[in-house]
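Novice: sequence? don't have it. structure:
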């Protein structure tokens, strides 16, 4: 009997050890969607903003803002993480009040205001995964977030951007010869 209880204890300790290692490994896994971002945001002719370049960065989030001056010349200015976070927090207050354009249906034209664009693209990295995930649960926010990000990085992460939406209802031949219908993909932020 004594040998049996020692074996059971060893098995329990082994199982606990494996569980702890799995949890610790999971905690160290990078959460790419909430990674800090380096953005280049450009003002459009209609006065709205879109992201034209996006890259993950090991440093703090930051952005280059390209805007037109009174003469129509493109000017660039730098925005640090604190400024981006401040704008995102202001826009998030509007979300909570129901007055933000990021949670309303698109009125057609490309882009949104600068604060809305920053919140749509970097909510998770600037304000935390819980807020990013909560916002992505809103269908209008998800659509607006995808429409304002024109970067190649975003298109590769989301499966092709608008071209995948055009194919979403199409039939496609499978490897084994049958056809399968593609449905729209879902996307989540955070971990």
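Specialist: Looks like it arrived, so ask away. Because the structure is predicted, anything quoted here is derived from the model rather than measured.
Novice: what ranges do the helices span in this structure?
Specialist: All helices of the chain, identified by DSSP state H, fall at 2-28, 81-97, 114-127, 129-136, 139-148, 152-157, 162-167.
Novice: name the residues that touch stretch 74-85?
Specialist: By C-beta atoms under 8 Å, 6 or more residues apart in numbering, the residues outside stretch 74-85 that reach it are 36, 60-69, 118, 122, 126-127. Quick note: C-beta positions are derived from backbone N, CA and C, even for glycine.
Novice: going through the residues you listed, which ones are buried?
Specialist: 36, 61, 62, 63, 65, 118, 122, 126, 127 (16 or more other C-beta atoms under 10 Å).
Novice: and the pLDDT at residue 181?
Specialist: On the pLDDT scale, residue 181 is placed at 45.
Novice: could you do residue 178 as well?
Specialist: On the pLDDT scale, residue 178 is placed at 50.
Novice: go on, residue 154?
Specialist: Looking at residue 154, the pLDDT reads 77.
Novice: need the max-distance pair from the contacts of stretch 74-85.
Specialist: 69 and 127 (30.7 Å; C-beta to C-beta).
Novice: next step: the contacts of stretch 74-85 restricted to strands.
Specialist: 62, 63, 64, 65, 66, 67, 68 (DSSP state E).
Novice: could those go into TSV alongside pLDDT?
Specialist: TSV is the format used below for the ones in strands among the contacts of stretch 74-85 (pLDDT from 0 to 100):
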residue	pLDDT
62	96
63	96
64	97
65	97
66	96
67	95
68	89
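Novice: make a markdown table from these and add distance to residue 135 to it.
Specialist: A markdown table is the format used below for the ones in strands among the contacts of stretch 74-85 (distance: C-beta to C-beta, whole Å):
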| residue | distance to residue 135 |
| --- | --- |
| 62 | 21 |
| 63 | 19 |
| 64 | 24 |
| 65 | 22 |
| 66 | 25 |
| 67 | 25 |
| 68 | 29 |
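Novice: between these, which sits nearest residue 54?
Specialist: residue 63 (9.5 Å).
Novice: the closest one against residue 40, yeah?
Specialist: Yes. The criterion here is C-beta atoms under 8 Å, and residue 63 meets it with residue 40 at 7.0 Å.
Novice: what about residue 48, neighbour count?
Specialist: 18 (other C-beta atoms under 10 Å).
Novice: and it, how close does it get to residue 84?
Specialist: 17 Å (C-beta to C-beta, to the nearest Å).
Novice: helix or strand with the lowest mean pLDDT in this structure?
Specialist: helix 162-167 (a mean of 40; mean pLDDT, DSSP states H and E).
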